[in-house]
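Engineer: Fold the following.
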Amino acid sequence: MPNQSRPPGRKRVVLLGATGSIGENALRVLAAHRDRLELVAVAARADWRKLAAIARRFGVRDACLFDDGAYAAARDAGAFPPETRLRSGASGLVELATLPGADSVLVAVVGTAGLEPALAALTAGKELALASKEILVLAGKFVMAAAKAGGSPLLPVDSEHNAVFQCLAGRPAGEVRRILLTASGGAFRDWPLERLAGATPADALRHPNWSMGPKITVDCATLANKGLELIEAGWLFGLAPTQCSALLHPQSTVHCIVEFTDGSMLSQLCPPSMTFPIQHALLHPDRTPGVSAPLDFAHPLSLDFSPIDEARYPMFRLAREAMRAGGSAPALFNAANEVAVEAFLGERIPFLAISGVVEHTLGQIASFDPPDLTAVLMADAEARRVASGRNQAILD
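Structural biologist: Predicted coordinates:
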């Protein structure tokens, strides 16, 4: 049953993407800090059974299923507590993101479905904890403008961006020479190049360090995720493309390095668990005991770094080219990548074709400076059409 009494001072949290890997880690943080955090709304794409169990466990009064079929199935099954108001679709996500009395909205939806609720939350003056990197890649200038206009805090949840946020600690962008995000290198980091032609989805999903959803795990294998993170970092911290780079760090212990104009460097370290950045974002600016074990220096610890080989990771090169081009190019890159990764996971194209689909799409559509969000979404749709056509050509 929902908890009728609410201790004063608790932050009221809306969790969009509650059934994914980010959502699961967020629930661990929320459960460990019930004296400080209250979960008031949850959303998922289609897993209504899991979402209903979460609603019952946390006594959540508001929920949404993005998929209309899942919404109908849950409603017919009477899966949610009678006190829970169940919504559906994009409009339902927006309703949750703008709930009266909610303080913080954690957007952890895969892909671009979180864009509209993220903008709605910022416009409503909510604190936005952002874990969906595609939102800033697709519409960074509009999201940042909404945050500025609404005076809304935007707290990064991605481990690398959260690390940069901690290292900067409010220092102005003018004091930063560059930032270096770290990448594990994914499942194929140590594979011979000739072996990649036969890589399967099951191979790509064996990430050496992190436990994540299928799409982002494939993005780690191609390093598309690191390119997307560089684009996102530029928007979050007001940095030029030349100030944003990355390097390989197999241990996934150092999550960023920030180099300041005086040559000094700061880095942030913690084990590869998303509970650390999620807790930092939800409880910011306070720090309390975490839910995962910290690093233990009683045991030997090695930290290795090396440059990224763009011949092995062509998607990283393409992402950096899109970042330098600016305008709609990052949105085109993101959309084409989503289409190509979906085709690879469905075993319709080989692993090495992913970068070819994306490069073809970027070559077919001219980048432009979108005047509004409608233009961005049209570019996104066009990129998906071109990428899908390329996928079909590979099949044929």
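
Engineer: Look up the closest residue to the most centrally placed residue in the chain, ignoring the ones flanking it.
Structural biologist: Within the chain, one residue has its C-alpha closest to the average C-alpha position: by Cα atoms, centre = their mean, that is residue 132, at 2.8 Å. Closest residue to residue 132 in three dimensions, ignoring its sequence neighbours and counting by Cβ to Cβ, 6 or more residues apart in numbering: residue 114, at 4.5 Å. C-beta: built from backbone N, CA, C; applies to glycine.

Engineer: Would you check that the one you found makes contact with residue 106?
Structural biologist: No - Residue 114 lies out of contact with residue 106 (Cβ atoms under 8 Å); the separation is 10.1 Å.

Engineer: So for these two, which sits in the more crowded spot?
Structural biologist: Between residue 114 and residue 106, counting by other Cβ atoms under 10 Å, residue 106 is the more crowded of the two (29 against 26).

Engineer: I'd guess that one is in a helix, am I close?
Structural biologist: No - counting by DSSP: H, G, I helix; E, B strand; the rest coil, one finds residue 106 to be strand, located in no helix.

Engineer: in the protein, which ranges drop under the pLDDT threshold?
Structural biologist: Scanning the chain for pLDDT under 70 picks out the ranges 1-8, 211.

Engineer: Show me it divided up by domain.
Structural biologist: Residue ranges of the domains in the chain are recorded as 11-156, 159-272+293-315, 326-396, according to automatic domain parsing.

Engineer: Would you format those domains as JSON lines with distance to residue 279 included?
Structural biologist: Output for the domains of the chain, formatted as JSON lines (distance: least, Cβ to Cβ, whole Å):
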{"stretch": "domain 11-156", "distance to residue 279": "5"}
{"stretch": "domain 159-272+293-315", "distance to residue 279": "10"}
{"stretch": "domain 326-396", "distance to residue 279": "28"}
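
Engineer: Which among those is found nearest to residue 281?
Structural biologist: With respect to residue 281, and counting by Cβ to Cβ, the nearest of those is domain 11-156 at 4.2 Å.

Engineer: Can you show me the strands along the stretch 51-200 of the chain?
Structural biologist: Taking DSSP state E, counting those that start in this stretch as the test, the strands found in the stretch 51-200 of the chain are 62-65, 85-88, 104-107, 127-130, 154-156, 176-183.

Engineer: Output those strands in CSV; the columns should cover distance to residue 192.
Structural biologist: Conversion of these to CSV gives the following (distance: least, Cβ to Cβ, whole Å):
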stretch, distance to residue 192
strand 62-65, 44
strand 85-88, 48
strand 104-107, 39
strand 127-130, 37
strand 154-156, 36
strand 176-183, 19
